[in-house]
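J.: Okay, sequence plus prediction incoming.
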Amino acid sequence: MGCFCTFAALTFKNLKTGWYHLIALLVVIVWGTTFVSTKILLFNGLAPKDIFFYRYLLAYTGIWFFGRQTLFANNLKDEFLFLLMGITGGSLYFITENTALKMTLASNVALLLCVAPLFTAILSHWLLKTEKLNRYIVQGSLIAITGVAFVAFNGHFILKINLLGDVLCLVAALSWAFYTILLKQLSSRYSTLLVTRKVFFYGLTSLLPIFFFYPLSVETSVLQRPVVWGNLLFLGVVASLFCYFLWNKAVTKLGAVRTTNYVYISPLVTLLCSAIVINETITLIAAFGALLILSGVALAEW
């Protein structure tokens, strides 16, 4: 009877963990489609800072409908860490990423941003005692990054180096790694809802100084276009409000490294979305890259 109870408890625990793996996967699938939405908004005349501001404003407004909690953290140190989360996972990440999309090839952005899980694994090993860096993570990450390269170029290997744009991609990847580590630390002391709301708030406020030099675009003729407000609603409500909450929950339960490994799947989703929306051809090389990505993620998770 004791063995049966132990087995049942382990099975239930694995089942609960499996749900969070599924949540992380679904979030990355949604985030993989945001490149297309962002490109559409950039094409319609919105600047990177405008897209981020409207996106986070919608998310911050929406999250108040799900709970009204304490405004401030338990101490000034944690409040400062929340500010850093808003910068690294919000304003700094999206401004560098969206600016890079205007300066360098989309394939370069997809490839360089996928260094984030490897950055997370290395930083977590140094800064978090609970996150260990082992050979499976390293080998799986290298296999997945190779797969990302095949998928990103999709049979058309065009290596066009834009130093500033590519550096911005690496800054975005490093910024997301720091965000994930901060999230892992604070999630043990605060609810996921509060953490997510703080990220939206400080992401918005840390962007405000930029508007003194580069004012926010508020052209009603642009914002009234269905394609513009439709994509902004998708980015703000679905990709930010719900996905950030679910992602933060997954990091709390699975850990920083295991959750972030799913980021490798994002370029694969972007490729599939591009094939559906703009009829982009998927080559055999990209298909092989997809197999490498899935194999690398599986090995890293193992």
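T.: Noted; the coordinates are in hand.
J.: Would you mind confirming that residue 200 is in contact with residue 89?
T.: No: counting by C-beta atoms under 8 Å, residue 89 is not a contact partner of residue 200; they are 9.8 Å apart. All C-beta atoms are positioned from the backbone trio N, CA, C, and that covers glycine.
J.: For these two, list the residues in contact with both.
T.: Residues touching both residue 200 and residue 89 by C-beta atoms under 8 Å, 6 or more residues apart in numbering: none at all.
J.: OK, contacts around residue 192?
T.: Residue 192 touches 245, 248, 249, 252, counting by C-beta under 8 Å, 6+ apart.
J.: Quick one: low-confidence residue ranges for the stretch 101-250 of the chain.
T.: Along the stretch 101-250 of the chain, segments meeting pLDDT under 70 span 104-108, 110-111, 128-134, 138, 141, 144-145, 148-163.
J.: quick one, what contacts the nearest residue to residue 117 once chain neighbours are set aside?
T.: Among residues not flanking residue 117 along the chain, residue 260 sits closest, at 4.4 Å (C-beta to C-beta, 6 or more residues apart in numbering). Residues in contact with residue 260 (C-beta under 8 Å, 6+ apart) are 116, 117, 120, 121, 176, 177, 180, 251.
J.: Make TSV out of the residues you listed and add secondary structure and neighbour count.
T.: Formatted as TSV, those follow (DSSP: H, G, I helix; E, B strand; the rest coil; neighbours: other C-beta atoms under 10 Å):
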residue	secondary structure	neighbour count
116	helix	25
117	helix	30
120	helix	32
121	helix	25
176	helix	24
177	helix	23
180	helix	28
251	helix	25
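J.: Out of the residues you listed, the closest to residue 207 would be?
T.: Among these, residue 176 lies closest to residue 207 (C-beta to C-beta), at 16.7 Å.
J.: quick one: the nearest residue to the closest one once chain neighbours are set aside and residue 194, what's the gap?
T.: Using C-beta to C-beta, 6+ apart and skipping the chain neighbours, the partner closest in space to residue 176 is residue 116 (4.6 Å). Distance of residue 116 to residue 194, computed by C-beta to C-beta, to the nearest Å: 24 Å.
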